[in-house]
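# Sharing a sequence plus its predicted fold:
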Amino acid sequence: DGKHKERLTPGDGYYSIYPSADLSYYICEGGGSSAPGRTDVFNAAGKRVRTLYDNAPLKEALAEAGLPVREFFTFTTERGDELNGYMLKPLDFDPAKCYPVLLTQYSGPGSQQVAEVWGPDWEDALVTHGYIVVCVDPRGTGYRGEEFKKLTYGNLGRLEVEDQISTARYMARQSYVDPARIGIYGWSYGGFMALGLPDDYPKGYDDNSPVNLAHLFRDDSTRLLIVHGTADDNVHFQNTMEMARALNKLGKQYDMMVYPDQNHSMMPDDMIHVREKMLRYTLENL
């Protein structure tokens, strides 16, 4: 009946639970965002009975390396929407200085990137080079209730973009940010075909398609890198070709990396190469 709820996870953070068939035990896997999690076996009363793995060696190595820790924040857009985000700052962060900022985001329907979960990615390397990394979950993402999640239904790509622009504006107002050096990165957005077909929502697709907005790209002040694998069966390579066609027709200048026979995750061969490319491109242009 929903009454007398009791928390069984051992602390703050993000956990996955795997119960036994008779529900007398469960495996608990996870932890917070500041360090790798652990895996334990608990009984139904929430008492730890065995530790399967505590990630102690990795925790020690990371402590010596001195990786940045996520700082969570919220802000209100100019439209009145409150959004959740996290920020990674250089270890020697000085509020009197101005730093370049990279926005990293997925923004897909029902997704969540701003969470109390440990998971470093390539962007963390930028922090060691003096960059601030920021991630914000826009409208249409998950774990904020049904109304928030369904705001983008049938109109994908508009509200999410507005919110990422609002994030850039919010960061530009911070005294420790260089407003002329704000970039954005994203991979995939696999939800573009999940909420219906173009025939069902033609206006929603056409109005928000980057192909139809290529004329807004200012190549005199902005650098653009497009990366795609030709064997991508999630986002077809034709999408990049149509984007290139639109940019070329308008005389826009941009950069492109094509990975022959690589899938949506740049596998089986080129994940390391593409990460190195993204890191170098950001350091050189942002």
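Nice, thanks for sending it over.

# show me what contacts the residue nearest the centre of the chain?
Centroid check for the chain by Cα atoms, centre = their mean gives residue 105 as the closest residue, at 3.3 Å. By Cβ atoms under 8 Å, 6 or more residues apart in numbering, residue 105 lies in contact with 113, 135, 136, 137, 138, 164, 184, 185, 186. Any C-beta I mention is one placed from the backbone N, CA and C, and that applies to glycine too.

# Tell me the backbone dihedrals of it, please.
Recorded main-chain torsions at residue 105 are phi -160, psi 160, according to degrees, to the nearest 10.

# That one and residue 24: what is the separation?
Distance, residue 105 to residue 24, using Cβ to Cβ, to the nearest Å: 42 Å.

# picking up where we left off before, excluding sequence neighbours, find me the nearest residue to the residue nearest to the centre of the chain.
Sequence neighbours aside, residue 186 is the residue nearest to residue 105 in space, at 5.5 Å (criterion: Cβ to Cβ, 6 or more residues apart in numbering).

# strands paired with the host helix or strand of residue 51, and their directions?
Element membership for residue 51, per DSSP states H and E: strand 48-53. Strand 48-53 pairs in its sheet with strand 38-43 (antiparallel), by DSSP bridges.

# Show me what counts as buried in the partner strand.
By neighbour count on 16 or more other Cβ atoms under 10 Å, the buried set for strand 38-43 is 38, 39, 40, 41, 42.

# do stretch 23-33 as well
Quick answer for stretch 23-33 (16+ other Cβ under 10 Å): 26, 28, 29, 30, 31, 32, 33.

# and those as JSON lines, adding distance to residue 217 and pLDDT?
Shown next, in JSON lines, are the buried residues of stretch 23-33 (distance: Cβ to Cβ, whole Å; pLDDT from 0 to 100):
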{"residue": "26", "distance to residue 217": "51", "pLDDT": "96"}
{"residue": "28", "distance to residue 217": "47", "pLDDT": "96"}
{"residue": "29", "distance to residue 217": "43", "pLDDT": "96"}
{"residue": "30", "distance to residue 217": "41", "pLDDT": "94"}
{"residue": "31", "distance to residue 217": "41", "pLDDT": "93"}
{"residue": "32", "distance to residue 217": "40", "pLDDT": "91"}
{"residue": "33", "distance to residue 217": "35", "pLDDT": "91"}
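
# Could you dump those into CSV with distance to residue 150 and secondary structure added?
What follows is the buried residues of stretch 23-33, written out as CSV (distance: Cβ to Cβ, whole Å; DSSP: H, G, I helix; E, B strand; the rest coil):
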residue, distance to residue 150, secondary structure
26, 32, strand
28, 31, strand
29, 30, strand
30, 28, strand
31, 31, strand
32, 30, coil
33, 27, coil
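
# returning to what we had before: the residue nearest to residue 105 reaches residue 102, doesn't it?
No - checked against Cβ atoms under 8 Å, the pair residue 186 and residue 102 is beyond contact range at 10.9 Å.

# Who has more neighbours out of these two?
Between residue 186 and residue 102, counting by other Cβ atoms under 10 Å, residue 102 is the more crowded of the two (21 against 13).

# And the buried residues of strand 38-43, which is closest to residue 52?
Distance to residue 52, by Cβ to Cβ, is smallest for residue 39 among the buried residues of strand 38-43, at 4.4 Å.

# The closest one pairs with what?
In this entry, residue 39 is beta-bridged to residue 29, residue 53, by DSSP bridges.

# Contacts only, for it.
Applying Cβ under 8 Å, 6+ apart to residue 39 gives the contacts 27, 28, 29, 51, 52, 53, 54.

# which stretches of the stretch 51-200 of the chain form strands?
71-76, 82-88, 99-105, 132-137, 177-186 (DSSP state E, counting those that start in this stretch).

# From residue 39, how far out is the nearest residue to residue 20 once chain neighbours are set aside?
Using Cβ to Cβ, 6+ apart and skipping residues adjacent in sequence, the residue nearest residue 20 is residue 26, 6.5 Å away. In this structure, residue 26 and residue 39 are 11 Å apart, going by Cβ to Cβ.

# Check residue 256 too.
42 Å.

# go on, residue 274?
As for residue 274, its distance to residue 39 is 30 Å (criterion: Cβ to Cβ).

# about what we covered before: for the residue nearest to residue 20, list the residues it contacts.
Residues in contact with residue 26 (Cβ under 8 Å, 6+ apart) are 8, 17, 18, 19, 20, 41, 42, 44.
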